[in-house]
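Enquirer: A structural model of the following input is requested.
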Amino acid sequence: MVEENFVLINARITFKNVPLHKLYHFAFKDVNVARESFMKINDVSECVIIQTASRVEAYIVMNRPKGNIPDDGRRIDGKNLVINKIQETWIANAELEQWDIEHFDQTFEVYVNTDVYEHFLRLATGLDSVVVGKEEILDEIKESIQTARSTEHSGTILNKLFDSTIRIATSIRNSSKVGENVLSMGDIAVKMAEENAGIDGKKKVLLIGTGEIAGMVAKTMNQKGYAFEITSQQIERATGFSKNLGGTPVEFLDVLSKFDKYSIIIVATTADYFVITYEKIRRVMNNYKKGMLLLDISDPRAIEETVTQVPGIKLLFRDQITEMDDEKLMDALKKKVSVVEGMIEKEVPILEAAMKNLEPQQAVKDVIASVNSIREKELQKALAKLGLKDSKKIQIIEELTKSVAESIISVPTKVQTSPAQQESK
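Expert: A predicted model of the protein is given here:
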């Protein structure tokens, strides 16, 4: 007999595989509807979705035989029904472009059981965040499980997984201090803008760039309630970025022609050339009299120093806007990450064992299957002898046999339920 167990699945698309300006395509239009859609897949009993600006992840419980689901969605046989169904459901609930659909399996990842436990602990402790150690993701995880509980899309298994992971991650964070004094480059840039120029409703703020560093700036701006415009060499990128991380998209050429309308410009690109030069803005800035702050947090630098020839412009570069010693900071962070990884390694088998205690005992399942089989056979014999055709009477008899069968198996089920299972109920 094949041992039946629940299979825990994590299907995800994150900033590691998809640029931030494209991630919104993979996000679910309606998370509640998406959860409901996943639960319509055969054998799916629970679903929780974590959707943020940098990731979309679905945690799914399937009552399937072990071994039916591969470890990595990028290496699976296209005929695998389970993975295909998850992919189809994902695509149906997102707003993907045709190119994204055709290359979906190159960005889509699926992991099961032990790999899920390890990943989830890394995520909750902040190791897999854009900014390592940020507390924000833990709050997003809590909100995700709370929402799924309210709609009854999560149950015994995912409730246990999320509650346990949140508890363990909180303990690891507190003891390792991995999230202590965590500042992203976005936090630092916005702070410098506040201190050097002040940010208010009257001052126009522009963000140039759509990568991870620009994403950090956008998140900080949103948290503080600051409005900003976003631009890139390609308007499609700026538009996609704005849908995911906020900001009003504008054409890059329009920015250059109206350069003097901004009070603060933050440049966060990875371009290997100067995005802003004196020659590009010279004509527009000829009669410029106001003050302007330019923050270049790009790597390499993206603003030519000669722009300071324009009266009133103050230019600060990445290595000037932070007083922190990057090398010492990185060494300290690496040590904390190493400590957290060691803690996670010890916690994974403990979490896995706790989750396995939720699985029904095989003997109980054998009894259930045997009793149900006998019930079905005897019911069909009785109905044949009675010659009943009235569907209502047939339903009454069928419900009666189910009730009797459940009463018969309730005692052994209770006897063989483990203390951990009783506690979880």
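Enquirer: so where is the stretch 101-250 of the chain shaky, pLDDT-wise?
Expert: Within the stretch 101-250 of the chain, not a single segment meets pLDDT under 70.
Enquirer: mind listing the strands for it?
Expert: Secondary structure of the stretch 101-250 of the chain (DSSP state E, counting those that start in this stretch): strands at 109-112, 205-208, 229-231, 248-249.
Enquirer: dump the C-alpha coordinates for the first one into PDB.
Expert: So the one you mean is strand 109-112. C-alpha atoms of strand 109-112 as PDB (Å, rounded to 0.1, in the frame of the first residue of the first chain):
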ATOM      1  CA  GLU A 109      10.300  27.700  -8.700                       C
ATOM      2  CA  VAL A 110       8.600  24.800  -6.900                       C
ATOM      3  CA  TYR A 111      10.000  23.200  -3.800                       C
ATOM      4  CA  VAL A 112       8.600  20.600  -1.400                       C
END
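Enquirer: list the helices and strands that strand packs on?
Expert: Judged by 3 or more Cβ pairs under 8 Å, 6 or more residues apart in numbering; DSSP states H and E, strand 109-112 is in contact with strand 4-14. (Each C-beta comes from the backbone N, C-alpha and C, glycine too.)
Enquirer: what's the answer for the third one, then?
Expert: When contacts are defined as 3+ Cβ pairs under 8 Å, 6+ apart, strand 229-231 sits against strand 205-208, helix 235-245, strand 248-249, helix 252-257.
Enquirer: the shortest one now?
Expert: With contacts defined as 3+ Cβ pairs under 8 Å, 6+ apart, the secondary structure elements packing on strand 248-249 are strand 229-231, helix 235-245.
Enquirer: quick one, which of the ones you listed gets closest to Glu378.
Expert: Nearest to Glu378 among these is helix 235-245; the distance by Cβ to Cβ comes to 58.7 Å.
Enquirer: what's the closest one in contact with?
Expert: Residues outside helix 235-245 that contact it (Cβ atoms under 8 Å, 6 or more residues apart in numbering) are 19-25, 27, 53, 210, 214-215, 218-219, 222, 230-232, 247-252.
Enquirer: list only buried entries from those residues.
Expert: 20-25, 27, 53, 210, 214-215, 218-219, 222, 230-232, 247, 249-250, 252 (16 or more other Cβ atoms under 10 Å).
Enquirer: what about the strands in the stretch 251-400 of the chain?
Expert: Assigned strands in the stretch 251-400 of the chain, in chain order: 264-267, 292-296, 313-317 (criterion: DSSP E, counting those that start in this stretch).
Enquirer: so can I have a markdown table of those strands showing mean neighbour count, mean pLDDT and distance to Tyr273?
Expert: A markdown table is the format used below for these (neighbours: other Cβ atoms under 10 Å; pLDDT from 0 to 100; distance: least, Cβ to Cβ, whole Å):
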| stretch | mean neighbour count | mean pLDDT | distance to Tyr273 |
| --- | --- | --- | --- |
| strand 264-267 | 25 | 96 | 12 |
| strand 292-296 | 25 | 95 | 13 |
| strand 313-317 | 17 | 93 | 16 |
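Enquirer: out of those strands, flag the one nearest Ile397.
Expert: Ile397 sits nearest to strand 264-267 of all the strands of the stretch 251-400 of the chain, at 73.2 Å, using Cβ to Cβ.
Enquirer: name the strands paired with that closest one and say parallel or antiparallel.
Expert: Within its sheet, strand 264-267 is paired with strand 205-208 (parallel), strand 292-296 (parallel), according to DSSP bridges.
Enquirer: how far off centre is that strand?
Expert: Centre-to-centre, strand 264-267 and its host chain are 28 Å apart (Cα atoms, centre = their mean, to the nearest Å).
Enquirer: do stretch 208-221 as well
Expert: Stretch 208-221 sits 17 Å away from the centroid of its parent chain (Cα atoms, centre = their mean).
Enquirer: list the contacts for Gln233?
Expert: Contacts of Gln233 (Cβ under 8 Å, 6+ apart): Phe252, Ala271, Val275.
Enquirer: state the distance from the residue nearest to the first one when sequence neighbours are not counted to Lys219.
Expert: Spelled out, it's Phe252. Excluding the flanking residues, the one nearest Phe252 by Cβ to Cβ, 6 or more residues apart in numbering is Thr231, at 5.0 Å. Separation of Thr231 from Lys219 (Cβ to Cβ, to the nearest Å): 18 Å.
Enquirer: repeat that for Val116.
Expert: Remark: distance between Val116 and Lys219 (Cβ to Cβ) = 26 Å.
Enquirer: do the same with Met330
Expert: Met330 sits 21 Å away from Lys219, going by Cβ to Cβ.
Enquirer: follow-up on the earlier one: can you redo the helices and strands packed on strand 248-249 as JSON lines with distance to Glu57?
Expert: What follows is the helices and strands packed on strand 248-249, written out as JSON lines (distance: least, Cβ to Cβ, whole Å):
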{"stretch": "strand 229-231", "distance to Glu57": "25"}
{"stretch": "helix 235-245", "distance to Glu57": "15"}
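Enquirer: minimum distance to Leu81: which of these has it?
Expert: Per Cβ to Cβ, nearest to Leu81 of those: helix 235-245, 31.6 Å.
Enquirer: gap between the closest one and the chain center?
Expert: 18 Å.
Enquirer: try stretch 290-303
Expert: Distance of stretch 290-303 from the chain centroid (Cα atoms, centre = their mean) equals 31 Å.
Enquirer: mind naming the longest helix for the protein?
Expert: helix 326-356 (DSSP state H).
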